[in-house]
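Student: sharing a sequence plus its predicted fold:
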Amino acid sequence: MSLKTSTLGFPRTGPKREMKIALEKYWSGAISADELITTSDSIAVKSYEEQLSRGVDFIGVGDHTLYDHILDWSERFGLTCTRVKAAKLTGLDAYFTQARGRDGIHALDMTKYFDSNYHYMVPEVPDDVTPTGDFKEFIRQIKLGQQTVGKEKTVPIIVGPLTLSKLCKPCGDLSSDELLTRLLPCYEQLLKELQQIGVSEVQFHEPWFVKSEAVNLKDVASALYGKGSALTSSKSGISVNLCIHFDSLHVDVYKYIITLDVERITLDFCRGSSMLSILEREGFPNNKQLGAGIVDGRNVWKSEESAAKLLTRIRKLVADDNKVVVSPSCSLQFIPYDLSLEKDLPSDVREQLAFAVQKLDVLVKLASSSSATSTSTIKSNGDYEWVGEDNTSGADDISKATKVGEVTVTADMFSRSEAFDVRREKQVSVPRFPTTTIGSFPQTPELRRNRLAWKQKKLSEADYQQVIDAELKKNIDIQTDIGLDIFVHGEPERSDMVEHFGQRLEGFSFTNHGWVQSYGSRYVRPPIICGPVSRREPMTVREFKVAQEMTDRPVKGMLTGPVTILNWSFCRVDTPRWKQALEVALAIREEVADLEAAGCRVIQVDEAALRERMPLKDEEAASYMSWAVKSFRLSTAVAKSSTQIVTHMCYSTFEDIIDKIDEMDADVLTIENSRSGNEMLSALSGFGYNRDIGPGVYDIHSPVIPSKDELIEQVRNLAQSGLPLDRIWVNPDCGLKTRKWNEVIPSLKNMVAAAKVLRDETAPRMG
């Protein structure tokens, strides 16, 4: 018999980035708020219709968002941040001010959503908060879904109370436990309102249960979802699907989860590599349905055969097919929208892929089969058993002689030739509070048009290089006028910090429309690693040399680190990720050597995503961090002592891995800092971090131009942080590609002016 199917969310982007386009038009004043909402609704309806037409039985709705679903839920519960309330902003003005900031009001902090590259806005909750439920907009979304696919198929998606309370930033004396208690009446109200419009089933998304601390949350789980609890007593005929994704449950957590008073439990059997063995060992209760998350929502490989084998084993454990519902492992928001839009992928790669729309076909096909489905296997990757998510197998041997392609990696390749204190004296000389930027500069519409014309072969290589060289000249001239100490070439030749390198490495494939939301209106096109990675030729040397010839100031060589390239790509699934990281690291190592040979004295190797794919369970994190740090060191240790190695990290939580950041042995660490209240800076100082550090002094994701006085105060805070004054750099939070020149130039001028003021304030006094 055919099994039922369910989805847990869908890309919010639209097939061709319609949501991004509408947002940017709204921000520029080209369309009204009503027009923005109309476009947003049409994108949501299209996604519901797509799921309906593909034969999905239970369609998750209500996850569509203008900017960020966590920000949406914080607004629905009345958790608008204090500074926005004080400005008496309401509606979309309040919403987007929290997301992007405005003059005099800085935005909320932004960080990674669990171990993904999606960034959510971190709600700031004061200790005197009394949450209030305002669900009119959410109810409107649910009704829109009901009108589109029918009431019986419409399943509201709700961020669960445990997860939401843990993702918030409680202020003052408020704890996440107390916040959870205060939120519960609003959740009860929500269930009652959903019952009134004929909702028969809801999904509570609670990925927090995969975390290590969940072994101590049995009582919390019972209070939320146990028999007689506030939520289960309020559901009034509504079935609850408790969805837990991104990893396996700890066996002790699984034991109490299956006792909760919910009708269905959906588990992740893809990221959760031990989930099936726990299920086989512990069994599954016969009074509940099991949501089998066997279609990978985090990678683009089709892999029907492996999913079918998983499903066969699950069906043997849950004898009644009526008790099994086939689903993706998580929301499909983490993968591109529709593979049918791709016309240029190699056919042998394309036939092995499935984007969100095609994952629906896989889902329905698996549910319709009576046994394991025999389909074409993945040719370059083989039929996988999630070895690609195995962070540990063989990783402990990395520091020994390890064969990577044609190269034998030996222990000496992971270490610089001299210690940091010795190296620092040989490196580029700079004043106190040296100023620089993180890498990219604004890319104008004209530059993007020229790049597209070049890709379409409407512009010759020689003519395109002239365009790039003109941009390099402009970037160098602007930096000269501003008075920065260390220059960048501005990256005009790059559309993306990962795609640029992937296009110049063997083993990668690329899409034209494979966009994935990173945050808000920021979308990325992750490359697809489909074979062994190696470097064909130098990737950045030409642009560095052209830029360096235009100035006497040092120009940084700009590279993306191996872990970030891996984590921001859809990686292979037949090879452990640590092995793929070493392949990329060797390619970057060659580029570091070539830049140095070309005269580059400062080389930045960004590892923005170092933390991103770290396992969610503490006990599994050490192995990941070990090979991640070693991959970075392998890529940079080839540099001479006189070459300054910089790395950049942003929009994640790093306080608990400072020891690993120290082990990376970079000469300068630049970090996002402006939204997070110097928290990372305090942690570095407390740790005794003794290398150079460049904490971001202003938020590049906001259109707000920071004043000179604001930046003076921010640099003063850096000077008072406890870090040695001669080790502090002054720079923005991140690259400036998404900003406009009329925002960037005055911001950087104010930043340089602030650094000069602090140089004078802290200069040694004579006599």
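Tutor: Great, that's in hand. Here the structure is a predicted model, which is why all the values come from computation and not from measurement.
Student: quick one, helices of the stretch 451-600 of the chain?
Tutor: Using DSSP state H, counting those that start in this stretch, the helices of the stretch 451-600 of the chain run over 461-482, 499-502, 541-548, 562-567, 577-597.
Student: just name the most buried of those.
Tutor: Across those, averaging neighbours per residue (mean count of other Cβ atoms under 10 Å) puts helix 562-567 on top, at a mean of 28. C-beta coordinates here come from the backbone N, C-alpha and C atoms, glycine included.
Student: how far off centre is that helix?
Tutor: When distances are taken as Cα atoms, centre = their mean, to the nearest Å, helix 562-567 is centred 12 Å away from the chain's centroid.
Student: so which elements touch that helix?
Tutor: Counting contacts by 3 or more Cβ pairs under 8 Å, 6 or more residues apart in numbering; DSSP states H and E, helix 562-567 is packed against helix 577-597, helix 618-636.
Student: want to throw these into JSON lines with distance to E193?
Tutor: Shown next, in JSON lines, are those (distance: least, Cβ to Cβ, whole Å):
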{"stretch": "helix 577-597", "distance to E193": "44"}
{"stretch": "helix 618-636", "distance to E193": "38"}
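Student: for L718, find the nearest of these.
Tutor: Proximity to L718 (Cβ to Cβ) singles out helix 618-636 among the helices and strands packed on helix 562-567, at 24.9 Å.
Student: what angle do the following helix or strand past the closest one and helix 618-636 make?
Tutor: Using DSSP states H and E, the next helix or strand after helix 618-636 towards the C-terminus is strand 644-649. Angle between the axes of strand 644-649 and helix 618-636 is 150 degrees (criterion: axes from the mean of the first three to the mean of the last three Cα atoms, to 10 degrees).
Student: what segments of the stretch 301-450 of the chain are helices?
Tutor: For the stretch 301-450 of the chain, the helices defined by DSSP H, counting those that start in this stretch occupy 304-317, 347-350, 356-368, 420-424, 445-455.
Student: need the winner for burial among these.
Tutor: Across these, averaging neighbours per residue (mean count of other Cβ under 10 Å) puts helix 356-368 on top, at a mean of 22.
Student: that helix: how far from the chain's middle?
Tutor: Offset of helix 356-368 from its chain centre (Cα atoms, centre = their mean): 26 Å.
Student: show me what contacts the residue nearest to T564 when sequence neighbours are not counted?
Tutor: Leaving aside its chain neighbours, T564 sits nearest to A609 (4.1 Å; criterion: Cβ to Cβ, 6 or more residues apart in numbering). Shown in contact with A609 (Cβ atoms under 8 Å, 6 or more residues apart in numbering): N117, V563, T564, N567, W568, S652.
Student: how about those residues in a markdown table, adding distance to G514 and pLDDT?
Tutor: Output for the contacts of A609, formatted as a markdown table (distance: Cβ to Cβ, whole Å; pLDDT from 0 to 100):
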| residue | distance to G514 | pLDDT |
| --- | --- | --- |
| N117 | 13 | 91 |
| V563 | 21 | 97 |
| T564 | 18 | 96 |
| N567 | 16 | 95 |
| W568 | 12 | 94 |
| S652 | 23 | 70 |
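Student: so R494 touches H500, yeah?
Tutor: Yes - using Cβ atoms under 8 Å, R494 makes contact with H500 at a distance of 4.0 Å.
Student: how many other residues sit next to the residue nearest to R716 when sequence neighbours are not counted?
Tutor: Nearest residue to R716, sequence neighbours excluded (Cβ to Cβ, 6+ apart): L758, at 6.5 Å. Residue neighbour count, defined by other Cβ atoms under 10 Å, stands at 21 for L758.
Student: start at 77, not 1
Tutor: Yes, from this point I'll number from 77; that puts the last item at L834.
Student: how far out from the middle of the chain is the host helix or strand of L834?
Tutor: According to DSSP H and E, L834 maps onto helix 817-838. In terms of Cα atoms, centre = their mean, the centre of helix 817-838 is set 30 Å apart from its chain centre.
Student: give the buried residues for it.
Tutor: Across helix 817-838, burial judged by 16 or more other Cβ atoms under 10 Å covers 819-821, 823-835.
Student: ok, now which ones touch the nearest residue to M626 once chain neighbours are set aside?
Tutor: Spatial nearest neighbour of M626, excluding adjacent residues (Cβ to Cβ, 6+ apart): I552 at 4.4 Å. For I552, the contact set (Cβ under 8 Å, 6+ apart) comprises F563, H565, A623, M626, T627, V631.
Student: go with 10 Å
Tutor: Neighbouring residues of I552 by Cβ atoms under 10 Å, 6 or more residues apart in numbering: F563, V564, H565, G566, V622, A623, Q624, E625, M626, T627, R629, V631.
Student: ends of stretch 139-153, how far apart?
Tutor: One end of stretch 139-153 sits 16 Å from the other (Cα to Cα, to the nearest Å).
Student: and if you look at stretch 677-686?
Tutor: One end of stretch 677-686 to the other measures 24 Å (Cα to Cα).
Student: can you say which helix or strand has I233 in it?
Tutor: strand 230-235.
Student: which of the three states applies to the nearest residue to I234 once chain neighbours are set aside?
Tutor: Distance criterion Cβ to Cβ, 6+ apart; nearest residue to I234, sequence neighbours excluded, is F280 at 5.4 Å. At F280, secondary structure determined by DSSP: H, G, I helix; E, B strand; the rest coil is strand.
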